[in-house]
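S.K.: Test case, fold it:
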Amino acid sequence: MSNRHTKLPMVRLDLVLPRVEGVESLGLEPKPVLSAHNLSRGAVSADDVFVPASTMYALVEGLAELSGDPCFGFHMGEQLDPWSWAPLAQAAAAARTVGDYLVRFCLAAGKVASSASFTLATTGERSHFSERRLDDGGVRPRHNDGFTLAYVLGIIQPAVGPAWDGRRVVASVSDPAVIPAGQAGLRLAKGADLGLSLAFPSEWLLLPPSLDGRSTTATPSASEALPAQASVPESLRLVLAPHLHEAGLNAERVAELCGLSKRTLARRLQQSGTSLSAEIAALRRARAERLLADPELAVAEVGARVGYPDPAVFSRAFRRWTGISPGAYRRAPTA
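M.R.: Here you go, the predicted structure:
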């Protein structure tokens, strides 16, 4: 079964950090863009927070609009330190050729996002580096393309050095207007909204990468491997965790959070042997049991924190989950 059907498109949130810091460097406050998606600045700096791909694309587009820079994504990719950004850090430390670097990047990128696949393919004298997104969630990720293109060029162009000839390079992106005119002399084309590609001479893959060695102590954390291996239910739990307090957490709302249609979400969960109602109930039960262990929290407050502002409705739900009332559960001796 393909990844499209076995995973939800998830991204580790801290991958947007270079874009957030870029906005801040302009003296602008990214909080309004983050708050629109119920995210905080602290969450962006954490390495264990994951969001649907559609949220990530909307964040990048929102930050670009805030910056006022029509080529925001590309300019942020140009400034990226390969030694400090998780998908590039290990590749930068270990790669011996441009081809080695790009292959290592493809492997690392799959560990921090299940929303897209990266491919390096060689056919004779031409090679293609491409990104293929599973879904765009209704957001055309123009500045995501610009960011990706910029850092890939940042790997290849310095290695080629004086021999660089942009006429031998073709970049296909969802919106060529977000790439600076005449950039590196390369040829630009309008590509599909679900991915970008960069075609260049295969001989360039054999060149040693040219990196300046900044931030050489940076290493990706172990948590980066989570989303690539996560099943649909596991990915869904990452999406739902920050929203369990919402009383209106219905199929329409969750599908919106996941960047999928209700039908697609239901089908993928069914294929995984579960349902949305079962997953929400399991998460709310687990959180309620954990919160009830805190004697400082009133039962009504616990209910509100798991999406039941009415204490009576919370009590009925808890009885359905456990067979006893929240109060009885709190009084029961622990093992």
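S.K.: the longest helix in this structure is where?
M.R.: Counting by DSSP state H, the longest helix found in the chain is helix 142-160.
S.K.: List of residues touching the very next helix or strand once past it?
M.R.: As assigned by DSSP states H and E, the chain's next helix or strand after helix 142-160 is strand 170-173. Contacting residues not belonging to strand 170-173 are listed as 142, 145-146, 149, 179, 186-192, 196-200 [C-beta atoms under 8 Å, 6 or more residues apart in numbering]. From N, CA and C alone the C-beta is placed, and that goes for glycine too.
S.K.: What strands flank strand 170-173, and is each parallel or antiparallel?
M.R.: When pairing is defined by DSSP bridges, strand 170-173 lines up against strand 187-190 (parallel), strand 195-201 (antiparallel).
S.K.: So which bits of whichever strand or helix holds Leu34 are buried?
M.R.: Using DSSP H and E, Leu34 falls within helix 31-35. For helix 31-35, burial by neighbour count (16 or more other C-beta atoms under 10 Å) applies to Val33, Leu34.
S.K.: and the longest helix of the chain, average pLDDT?
M.R.: If you average the pLDDT over helix 142-160, you get 92.
S.K.: which parts of it are buried?
M.R.: Neighbour counts over helix 142-160 (16+ other C-beta under 10 Å) mark 142-157, 159-160 as buried.
S.K.: go on, stretch 116-127?
M.R.: Ala116, Ser117, Phe118, Leu120, Ser127.
S.K.: Under the pLDDT cut-off, which ranges of the stretch 151-300 of the chain? List them.
M.R.: For the stretch 151-300 of the chain, the stretches flagged by pLDDT under 70 are 211-230.
S.K.: show me where it has helices.
M.R.: 226-229, 232-240, 251-258, 262-271, 276-292, 299-305 (DSSP state H, counting those that start in this stretch).
S.K.: Can you get me a residue count around the nearest residue in space to Gln79 that is not next to it in sequence?
M.R.: Distance criterion C-beta to C-beta, 6 or more residues apart in numbering; nearest residue to Gln79, sequence neighbours excluded, is Gly22 at 7.1 Å. By the measure other C-beta atoms under 10 Å, the count of residues near Gly22 is 23.
S.K.: Check Ser115 too.
M.R.: 29.
S.K.: Next, the contact list for it, please.
M.R.: Ser115 makes contact with Pro9, Met10, Val11, Pro52, Ala53, Met56, Arg133, Leu134, Asp135 under the criterion C-beta under 8 Å, 6+ apart.
S.K.: Sort out for me which of the residues you listed are in helices.
M.R.: Ala53, Met56.
S.K.: Output the contacts of Ser115 in JSON lines, with distance to Val313 appended to each entry.
M.R.: Below are the contacts of Ser115 laid out as JSON lines (distance: C-beta to C-beta, whole Å):
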{"residue": "Pro9", "distance to Val313": "33"}
{"residue": "Met10", "distance to Val313": "31"}
{"residue": "Val11", "distance to Val313": "34"}
{"residue": "Pro52", "distance to Val313": "28"}
{"residue": "Ala53", "distance to Val313": "34"}
{"residue": "Met56", "distance to Val313": "34"}
{"residue": "Arg133", "distance to Val313": "40"}
{"residue": "Leu134", "distance to Val313": "37"}
{"residue": "Asp135", "distance to Val313": "34"}
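S.K.: What separation is there between Trp204 and Phe118?
M.R.: To Phe118, Trp204 is 17 Å away according to C-beta to C-beta, to the nearest Å.
S.K.: cool, Val232 as well?
M.R.: Counting by C-beta to C-beta, the separation of Val232 from Phe118 is 21 Å.
S.K.: do the same with Val306
M.R.: In terms of C-beta to C-beta, Val306 sits 38 Å off from Phe118.
S.K.: most tightly surrounded among the helices of the stretch 151-300 of the chain?
M.R.: helix 232-240 (a mean of 20; mean count of other C-beta atoms under 10 Å).
S.K.: That one to helix 251-258, inter-axis angle?
M.R.: Regarding helix 232-240 and helix 251-258, their directions subtend 90 degrees when assessed with axes from the mean of the first three to the mean of the last three C-alpha atoms, to 10 degrees.
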